[in-house]
Every structure is written in structure tokens, then in C-alpha cells.
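Trainee: quick one, fold the following:
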Amino acid sequence: MSRLGERTLLNFAVHSGGNFIAILLVAAVLDPHVRLPATGTLDYWATAIIFAVVLSFLNHYIRPLLYILLAPLTCLVMICTLGLAHFFTGALMFWLAGKFIDAIYVENFGFALLGALVTAMIGQFVASMILARVHARRPPPP
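Mentor: From the prediction side, this is the model:
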């Protein structure tokens, strides 16, 4: 596997792990509105892992594709909303991930927006901490 492929896979895995931790916190804080299966069960952990991977896939591959396909509209909307539309696309990805997995319940788009904001902040923080440690240990390329 090439260095680029290794780096992409590592980033995806680390962001999925960060999203996993964030989703557990989102489900605990927004309990009646964003719900996973019963806490502590195998379904709970499996659903959280699958949701994190699906959300990472949507955010890393589908979201940029959506921005590219709708580039003129995206640019106009981002300028008019001063970048706030980026949060709405994050909420759309969170809501779509919830729709793909039957075991998770997201009440409405507002709670998807709140869940996406919390997931983005916590997930990015965890991922940046892990990636900083990984890159500090890695020897420089030849």
C-alpha cells in the first residue's frame, strides 16, 4: 500500500474512533432525542461503532462530493451565510447516518444539528490528539 493510502486509511480510522467517543457522549447528553439501543448491550456498542464509521464515511467522502457537485450553489450559500451552511451539511450527514442505521434514533433535524456540532467538536479534538501522537512517533520520510 502506498504512503498516501496508509495515511488516508489511518486518518479515516482515527476520525472514526473520535466519532465513536463523541457519539457515545452525544447519546448520553441528548438521550431522549438521539438514542442508541439499551446502554451496555452488544447492540449498543455495535450500533455506536457502525454509526461512527458511517458518519466518518459520509463526512470524508460524500460531503466533499456534494460540495463539488453543487459548487456554484455551495459557494453562494457559504458566502451568504458566512459559512454557517457548513454546519447544516454536517447536520445533514448526521441525520443521514441515523437514517441508514435503524437502531439509532434522531428525533429531528434540530437535534441532528446539535448532535453534529458536538460530534464534530469532540471527534476532531480526539482525532487531533491521537494523530499528533502518531505523527510525533513516526520517523520522517526518506
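
Trainee: quick one: contacts of the helix or strand where I68 lies?
Mentor: Per DSSP states H and E: I68 is located in helix 63-69. Outside helix 63-69, the residues that touch it by Cβ atoms under 8 Å, 6 or more residues apart in numbering are 74, 89-90, 93. The C-beta positions use only the backbone N, C-alpha and C, and glycine is treated the same way.

Trainee: helices - which of the residues you listed land there?
Mentor: 74, 89-90, 93 (DSSP state H).

Trainee: separation between the nearest residue to F88 once chain neighbours are set aside and L92?
Mentor: Leaving aside its sequence neighbours, F88 sits nearest to L113 (Cβ to Cβ, 6 or more residues apart in numbering; 7.0 Å). Separation of L113 from L92 (Cβ to Cβ, to the nearest Å): 9 Å.

Trainee: this protein: strands as residue ranges?
Mentor: For the chain, the strands defined by DSSP state E occupy 34-35, 105-106.

Trainee: export those to TSV and tack on mean neighbour count and mean pLDDT?
Mentor: Shown next, in TSV, are those (neighbours: other Cβ atoms under 10 Å; pLDDT from 0 to 100):
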stretch	mean neighbour count	mean pLDDT
strand 34-35	20	90
strand 105-106	20	89
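
Trainee: most neighbours among the ones in helices among the contacts of helix 63-69, please name it.
Mentor: When neighbours are counted by other Cβ atoms under 10 Å, M93 leads the ones in helices among the contacts of helix 63-69 with 24 neighbours.

Trainee: against A132, how distant is it?
Mentor: On the measure of Cβ to Cβ, M93 and A132 end up 25 Å apart.

Trainee: same thing with V14?
Mentor: V14 sits at a distance of 10 Å from A132 (criterion: Cβ to Cβ).
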